[in-house]
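[1] Sequence and predicted structure are below.
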Amino acid sequence: MKKKILIGIIVAVVAVGAVYAATHLPRTEAGIPELEEGFGIYGSEVKFDGVYPGYSGNASITIINGKDKDRVFSVSITEASTLTKGYEAFPKEYFYWVTITKPEVTITAGGMEEIPITLSMPEDTNYASKHAEFRIRVGDLTQTGLVQIALESKWYIITAS
């Protein structure tokens, strides 16, 4: 019984801490949280709806660098390790549809960088009535050691009939 109460208290403290952090972190004029250390991404989910042959659309993610050090980041497209219900993996042979304007970027301590990304479906493509997803991965190339952290943004493509 004491163990269940202790677990309940720990869960409550963690939940309160997460809500506090989400609502009390300093923010930029655009509403993006400022980080003391580490890094984060803003734009963690993007959806292109009604994509058709010849379509071209733009979206972006913003990388937020902590105030602790300068970092070099890689930005790339990758497969989704888990799929959202109702979506299939976006075929790797179509990854070339996605153009990442800045696949590598250096961000100074406390800075941020918007990374424009374009999705262009070629005119001669037959990929209709699909719900597909992939990820945009942001990795910190300045990390050393055995454990290295990368963050991913979910990207969804819904093609026209």
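    It's in.
[2] Mind jotting down where the strands sit in the protein?
    39-42, 45-51, 56-65, 71-78, 88-89, 98-100, 104-107, 112-120, 131-140, 150-159 (DSSP state E).
[3] packing partners for the first one?
    Packed against strand 39-42, as judged by 3 or more CB pairs under 8 Å, 6 or more residues apart in numbering; DSSP states H and E, are the following elements: strand 56-65, strand 131-140, strand 150-159. Placement of C-beta: from N, CA and C, glycine included.
[4] what are the pairing partners of that strand, and which direction each?
    Note on strand 39-42: by DSSP bridges, its sheet partners are strand 56-65 (antiparallel).
[5] Need the contact partners of the partner strand.
    Applying CB atoms under 8 Å, 6 or more residues apart in numbering, the contact partners of strand 56-65 are 32-35, 39-44, 46, 48, 51, 71, 73, 75, 105, 107-121, 136, 138, 153, 155.
[6] Pull out the buried residues from these.
    Buried members of the contacts of strand 56-65, counted by 16 or more other CB atoms under 10 Å: 32, 35, 39-43, 46, 48, 51, 71, 73, 75, 105, 107, 112-113, 115, 117, 119, 121, 136, 138, 153, 155.
[7] quick one on the thing from earlier: redo the strands of the chain as JSON lines? Include mean pLDDT.
    Formatted as JSON lines, the strands of the chain follow (pLDDT from 0 to 100):
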{"stretch": "strand 39-42", "mean pLDDT": "91"}
{"stretch": "strand 45-51", "mean pLDDT": "95"}
{"stretch": "strand 56-65", "mean pLDDT": "95"}
{"stretch": "strand 71-78", "mean pLDDT": "97"}
{"stretch": "strand 88-89", "mean pLDDT": "98"}
{"stretch": "strand 98-100", "mean pLDDT": "98"}
{"stretch": "strand 104-107", "mean pLDDT": "98"}
{"stretch": "strand 112-120", "mean pLDDT": "96"}
{"stretch": "strand 131-140", "mean pLDDT": "97"}
{"stretch": "strand 150-159", "mean pLDDT": "96"}
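[8] who's in contact with the closest residue to residue 102 other than its chain neighbours?
    When the adjacent residues along the chain are set aside, residue 102 lies closest to residue 115, with 5.1 Å between them (CB to CB, 6 or more residues apart in numbering). By CB under 8 Å, 6+ apart, the residues touching residue 115 are 60, 61, 62, 63, 75, 100, 101, 102, 105.
[9] same question, residue 69
    So residue 69 contacts 109, 142 (CB under 8 Å, 6+ apart).
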